[in-house]
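**Q** missing the sequence, but the structure's below:
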């Protein structure tokens with residue numbers, strides 16, 4: 001057995017982990033609003049069977065503890081409601097969190113139907129849909145959002161008030177059981193609000209991760225870098241990735257973040273990561289690289305993107321006076337916070353999730369201009385048919401960064 005491979009958790013260890021304090025804290029957040037709607041959806045889906053109500057079966061990938069993946073027959077989505085659509089995934093990509101989730105090492109319960117980053121073809125639309133039509137190629141944002149509530153109108157599409165908190169594809173009960181993109185069909189409840197046309201000339205495989213990871217990378221940079229560059233054109237950017245070689249998270253988000261910082265005008269972008277292959281990939285993309293222990297000898301950075309999944313103290317410690325630290329957060333209920341240091345430096349900290357749908361058009365514009373090429377991060381390109389085998393290999397392999405599957 002290769003000792004370098006990540007070891008998945010079996011049923012017993014996975015479910016024991018769901019009883020820990022981190023898991024219970026996450027469950028409280030997901031149930032703080034719309035708990036009744038979430039429970040009703042669970043009950044409704046539990047009663048469905050392939051072929052029931054004259055609905056034909058389709059394939060959908062299912063993941064169980066032990067990183068076991070297989071195609072399963074499930075009912076295909078019904079005809080879309082007036083505001084909805086049904087799409088067929090053309091390209092599906094892994095998210096960095098898929099590795100720990102499918103290994104059973106998070107508070108997200110298994111089994112589930114994975115996949116929340118995709119480009120798809122529209123198959124059918126509801127009677128009130130006006131912006132997309134059958135045959136269109138679209139990016140499907142990973143979060144469910146209505147486009148009409150106060151949160152959506154403000155651009156906070158990841159906190160849509162029409163659905164329970166954390167409503168998203170590919171994360172099972174934690175995401176509200178909306179299905180996964182590793183499937184023949186995917187139901188989109190709010191087609192006009194959610195679906196974004198893929199510009200001509202952009203390949204589906206190149207844009208698959210725009211649905212989440214690329215948009216997430218963009219929000220760490222675009223809201224902050226222009227003003228910092230206006231004040232100091234030589235402002236330095238740090239992307240803080242894994243501080244341990246044993247990190248279970250894949251590394252596409254740190255790499256996308258560094259690429260976007262360069263595309264938006266940063267002259268000097270450093271990526272700090274404990275993993276040799278990630279640093280090598282970053283250098284090929286035009287970034288400078290650091291090991292975590294080398295940060296102590298560095299001058300602070302005007303913009304720090306914290307993609308470390310919990311090393312917030314290190315990220316803030318590397319932030320310059322009047323600088324900005326944008327953190328992707330993590331899966332632990334708490335983290336060390338250097339309050340006095342942040343106060344003295346007058347650092348600005350933002351912690352949270354991306355509002356993907358609001359950012360996708362700007363990301364696609366950057367791709368269409370040729371300034372951003374997410375496909376340069378992809379390390380595995382495979383047929384969707386081979387997803388059970390290739391995805392299982394991806395989550396076990398600590399050297400695999402991004403896998404994209406094409407129908």
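**A** Arrived safely, thanks for sending. Model, not experiment: these values are computed from the prediction.
**Q** all contacts plus neighbour counts: C-alpha atoms, from now on.
**A** Fine.
**Q** ranges for the helices of the stretch 151-300 of the chain?
**A** 172-175, 191-194, 204-207, 213-221, 225-231, 252-263, 276-284 (DSSP state H, counting those that start in this stretch).
**Q** can I get the ones you listed in TSV with mean neighbour count, mean pLDDT and distance to residue 183?
**A** As requested, these are exported to TSV (neighbours: other C-alpha atoms under 10 Å; pLDDT from 0 to 100; distance: least, C-alpha to C-alpha, whole Å):
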stretch	mean neighbour count	mean pLDDT	distance to residue 183
helix 172-175	22	87	14
helix 191-194	23	98	18
helix 204-207	23	98	16
helix 213-221	25	98	20
helix 225-231	15	97	38
helix 252-263	25	98	23
helix 276-284	17	97	30
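**Q** okay if I get those helices as a markdown table plus distance to residue 387?
**A** Converted to a markdown table, the helices of the stretch 151-300 of the chain look like this (distance: least, C-alpha to C-alpha, whole Å):
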| stretch | distance to residue 387 |
| --- | --- |
| helix 172-175 | 18 |
| helix 191-194 | 26 |
| helix 204-207 | 15 |
| helix 213-221 | 19 |
| helix 225-231 | 37 |
| helix 252-263 | 19 |
| helix 276-284 | 24 |
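**Q** what's the closest of those to residue 137?
**A** Nearest to residue 137 among the helices of the stretch 151-300 of the chain is helix 204-207 (8.1 Å), distances taken as C-alpha to C-alpha.
**Q** Report all helices and strands that that closest one contacts.
**A** Applying 3 or more C-alpha pairs under 8 Å, 6 or more residues apart in numbering; DSSP states H and E, we find helix 204-207 packed against strand 85-93, strand 117-125, strand 403-406.
**Q** what's the most buried one of those strands?
**A** strand 85-93 (a mean of 27; mean count of other C-alpha atoms under 10 Å).
**Q** I'd like to check the angle between it and helix 213-221, please.
**A** 80 degrees (axes from the mean of the first three to the mean of the last three C-alpha atoms, to 10 degrees).
**Q** Pairing partners for strand 85-93, with directions?
**A** strand 117-125 (antiparallel), strand 186-188 (antiparallel), strand 403-406 (antiparallel) (DSSP bridges).
**Q** Can you lay out those strands as a markdown table showing distance to residue 171?
**A** Shown next, in a markdown table, are those (distance: least, C-alpha to C-alpha, whole Å):
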| stretch | distance to residue 171 |
| --- | --- |
| strand 117-125 | 11 |
| strand 186-188 | 14 |
| strand 403-406 | 18 |
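**Q** Of all these, which one comes closest to residue 210?
**A** strand 117-125 (7.2 Å).
**Q** mind checking how far that closest one is from the chain centre?
**A** Centroid displacement of strand 117-125 relative to its chain, using C-alpha atoms, centre = their mean, to the nearest Å, is 18 Å.
**Q** same deal with stretch 165-179?
**A** With C-alpha atoms, centre = their mean, you get 13 Å for stretch 165-179.
**Q** Can you check the distance spanned by that stretch, start to finish?
**A** 16 Å (C-alpha to C-alpha, to the nearest Å).
**Q** again with stretch 145-162
**A** With C-alpha to C-alpha as the measure, stretch 145-162 spans 7 Å from end to end.
**Q** Other residues contacting it?
**A** With C-alpha atoms under 8 Å, 6 or more residues apart in numbering as the test, stretch 145-162 has contacts from 143-144, 163, 165-166, 189-190, 193-194, 353-358.
**Q** What subset of those residues is buried?
**A** 143-144, 163, 165-166, 189-190, 193-194, 353-358 (16 or more other C-alpha atoms under 10 Å).
**Q** With respect to residue 242, which of these is nearest?
**A** Comparing the buried ones among the contacts of stretch 145-162 against residue 242 with C-alpha to C-alpha places residue 353 closest, at 18.2 Å.
**Q** now the strands paired with strand 85-93 as a markdown table including distance to residue 322 and mean pLDDT?
**A** Below are the strands paired with strand 85-93 laid out as a markdown table (distance: least, C-alpha to C-alpha, whole Å; pLDDT from 0 to 100):
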| stretch | distance to residue 322 | mean pLDDT |
| --- | --- | --- |
| strand 117-125 | 35 | 98 |
| strand 186-188 | 42 | 98 |
| strand 403-406 | 38 | 98 |
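**Q** The ones you listed: which one's closest to residue 230?
**A** Among these, strand 117-125 comes nearest to residue 230, with 33.8 Å by C-alpha to C-alpha.
**Q** Direction included, what does the helix or strand just after that closest one pair against?
**A** The first helix or strand that comes after strand 117-125 along the chain, using DSSP states H and E, is strand 137-140. If you go by DSSP bridges, strand 137-140 pairs up with strand 117-125 (antiparallel), strand 196-197 (antiparallel).
**Q** Now do the helices for the stretch 1-150 of the chain: every range, in order, please.
**A** Under DSSP H, counting those that start in this stretch, the stretch 1-150 of the chain gives helices at 11-17, 21-30, 35-46, 98-102, 150-153.
**Q** packing partners for the first one?
**A** The reference is to helix 11-17. Secondary elements touching helix 11-17 (3+ C-alpha pairs under 8 Å, 6+ apart): none.
**Q** In that helix, which residues are buried?
**A** Going by neighbour count (16+ other C-alpha under 10 Å), the buried part of helix 11-17 is 14, 15, 17.
**Q** who touches the residue nearest to the second one when sequence neighbours are not counted in this structure?
**A** Spelled out, it's residue 15. In space, and not counting its chain neighbours, residue 15 is closest to residue 109: 7.6 Å by C-alpha to C-alpha, 6 or more residues apart in numbering. Listed by C-alpha under 8 Å, 6+ apart, the contact partners of residue 109 are 15, 18, 172, 173, 174.
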